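Trainee: fold the following for me, if possible:
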Amino acid sequence: MAETSTTKKRTYTKKTTTEKPKAEAPATEEVKQEAAAAPAPVTMVVEEKAPPVKILYIDSAIPNNEIKIGQGRSIFGSGKIFAVQREQFEGEFMTSTIIDLMAKRKLIVLSGLTDEERKLYGCYYEEGEVITGEGMFDFFFSLDTEEAAEKFEALCPEHRQFVATRFIDAWERGDNRITRDKVEALNKISKQDDPEGLFSPIVRDINEKME
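Mentor: Okay, here's the model as predicted:
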């Protein structure tokens, strides 16, 4: 009888080793305290401050009248230029007296408001409107040269034109309040608006008479 050979087959099992990730070290108490104490980021918004509103007071009928303009301030006499902060202009400054003077064009807003704001507050002026009243800007005749130059330079180009027109008209009528020194000082300033100067007709006439 033939001998039968039996071969045993060995089975191997592959051992797999899975390494666990190392746990992160916990934050120390000191680090936690520093994180808690760190200030939160601050966002700063800087708003541009609105320019003040510059106003001219004109009242030839009552030259020594007192007008209260808020914050304990007052102005006396015609031809005064003063400034009011925007927030004050829209609040405390707008008394019934001020509104009435603005409506009568005795308070003239020179600068500091847009056209829309001028319409809102009743101080949007049509061309030539603020010089239609008798005596408007005549206070310049009684000022000395230095003060007249200071006030004239503070006016906007349109109002400087009004003053020059008033001077030329008065000169042609022989008004003896017009002096050479004052006219030359104002004309020098007005060259910001006109190369020859707004008062050049008077200056030329004076020079011709002195030749």
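
Trainee: per-residue pLDDT, the residue nearest to Asp194 when sequence neighbours are not counted?
Mentor: Nearest residue to Asp194, sequence neighbours excluded (Cβ to Cβ, 6 or more residues apart in numbering): Ser200, at 7.7 Å. Placement of C-beta: from N, CA and C, glycine included. Ser200 is assigned 94 on the pLDDT scale.

Trainee: gap between Ser200 and Ala149?
Mentor: Distance from Ser200 to Ala149, counting by Cβ to Cβ, to the nearest Å: 16 Å.

Trainee: got it, and Gly72?
Mentor: Between Gly72 and Ala149 the computed distance is 29 Å (Cβ to Cβ).

Trainee: next one: Cys123
Mentor: 25 Å.

Trainee: and the longest helix seen in the chain, what does it pack onto?
Mentor: The longest helix of the chain (DSSP state H) is helix 157-172. Applying 3 or more Cβ pairs under 8 Å, 6 or more residues apart in numbering; DSSP states H and E, one finds that helix 157-172 contacts helix 139-142, helix 180-190, helix 200-210.

Trainee: mean neighbour count, those helices: which tops it?
Mentor: helix 180-190 (a mean of 19; mean count of other Cβ atoms under 10 Å).

Trainee: remind me which residues of the protein are low pLDDT?
Mentor: Scanning the chain for pLDDT under 70 picks out 1-48, 59-65, 78, 127-136, 211.

Trainee: show me the domain layout of it.
Mentor: Structural domains of the chain, as assigned by automatic domain parsing, span the residue ranges 49-132, 137-211.

Trainee: the chain: strands as residue ranges?
Mentor: Using DSSP state E, the strands of the chain run over 53-57, 66-70, 73-76, 80-84, 107-111.

Trainee: now do the fourth one and strand 66-70, the angle between them.
Mentor: Taking axes from the mean of the first three to the mean of the last three Cα atoms, to 10 degrees, one finds strand 80-84 and strand 66-70 inclined to each other by 20 degrees.

Trainee: I would like the residues contacting strand 80-84, please.
Mentor: Applying Cβ atoms under 8 Å, 6 or more residues apart in numbering, the contact partners of strand 80-84 are 52-57, 69-70, 73, 75, 93, 110, 112, 151, 154.
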